[in-house]
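**Student:** make a model of this:
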Amino acid sequence: MIEQRLSEQRGVGDHGWLNSRHTFSFANYWDPKQAGFSDLLVINDDRVAKGRGFGAHPHSNMEIISYVLEGALEHKDSMGTGSVIVPGDVQLMSAGSGVTHSEFNHSGTEGVHFLQIWVVPAEKNSPPGYQQISVSEADKRGNLRLIISPEGENGALRVRQDIRIYAGLFQGDEQQAITLPDDRYAYIHVARGSVRVNGLQFNAGDGARVRDEKTLSFSHGEGAEVLLFDLRPNEVNHPTR
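**Tutor:** Sure, this is the predicted structure:
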C-alpha cells in the first residue's frame, strides 16, 4: 500500500528569514497522525535567506542529515567540525551524548534550499560524530544510489539505525525498479520535479508511506530528485514535544 501525503498537506513554518515545510510534526506544527514514520522523525524542506541561519544550539541522541538542493550551507559544531555543503553533498551529524552546532546560509547574495532529516538512533549517548560525502549527478542519474546505511557500504555514510536512504534523479525515459526486502516499510520523498511511482503521480514536496509493497518502480521523471527511505516495520510514533 502506498499512502500519499501531498505537498500542500505539510505543516508550514514561515519566519521571514526561514521558510519551512514540515512533512512530520515539528516545532509549532503538531499533528498526532504525523509524528514520524518508523525511525524517520523529521523531513523539513527549508529555504534560508541570504546571510541567515540557525545559531548555535544543542542536540542529543539524534541522527541529523542535511541534503542540499540549491546554494551552500555552512556548518560548525562543538566537535571542531567546519564545512560548507553544496548540491551533491550529504552531511550526517550523530548528536549522540550531546553536541552544539549551527547551520548558516554561506552566501550573502543567494538563498539556500536544503532538506533537514532526523532519524531516531538505535543507541543512546554514544560519542557524537560527523560525516560528509559528495555524490555525483552521474551516480544518481536514472538510479537510486545508496547514500546512508548502517554498514556504510559502497561509500555511504554510516547511520546508527537500521535505515537505508537512497537518492535518485529521473528525467524522461530514465527509470528504475527497486525491490524492498521482506517485512520492510519505506518512505518516498520527492525533493523537486515530478515522477511516477508504481503509476502514481508525485510532484515536488509530495511523499508517501509504503507498506506491503514488494517493488517500487520510478519512471516518467521531469526534473525529479527523489529520496527513498528503507525502514523497519515500526509503527511507534516519536513525538517531538
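**Student:** from now on I want contacts and neighbour counts done on CA atoms only, so please keep to that.
**Tutor:** OK.
**Student:** chain center to stretch 36-54, what's the gap?
**Tutor:** Mean-position distance between stretch 36-54 and its chain equals 8 Å (Cα atoms, centre = their mean, to the nearest Å).
**Student:** no, scratch that, I was asking about stretch 110-125
**Tutor:** The answer for stretch 110-125 is 7 Å, by Cα atoms, centre = their mean.
**Student:** just the CA trace of it, in CSV.
**Tutor:** This file holds the C-alpha atoms of stretch 110-125, laid out as CSV (Å, rounded to 0.1, in the frame of the first residue of the first chain):
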residue,chain,number,x,y,z
GLU,A,110,21.6,34.0,-2.6
GLY,A,111,19.2,31.7,-0.7
VAL,A,112,19.9,28.1,0.3
HIS,A,113,17.4,25.3,-0.1
PHE,A,114,18.0,22.0,1.8
LEU,A,115,16.3,19.1,3.5
GLN,A,116,16.9,18.6,7.2
ILE,A,117,16.2,15.0,8.1
TRP,A,118,16.2,13.4,11.6
VAL,A,119,16.4,9.7,12.3
VAL,A,120,16.0,8.2,15.8
PRO,A,121,19.1,6.2,16.7
ALA,A,122,19.2,2.7,17.9
GLU,A,123,21.6,3.5,20.7
LYS,A,124,21.7,6.4,23.1
ASN,A,125,24.5,8.5,24.5
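**Student:** buried sites along that stretch?
**Tutor:** 111-121 (16 or more other Cα atoms under 10 Å).
**Student:** equivalent analysis for stretch 96-104, please.
**Tutor:** Across stretch 96-104, burial judged by 16+ other Cα under 10 Å covers 96, 98-99, 101-104.
**Student:** hmm, residue 122 is touching residue 163, no?
**Tutor:** No. Using Cα atoms under 8 Å, residue 122 is not in contact with residue 163, being 10.1 Å away.
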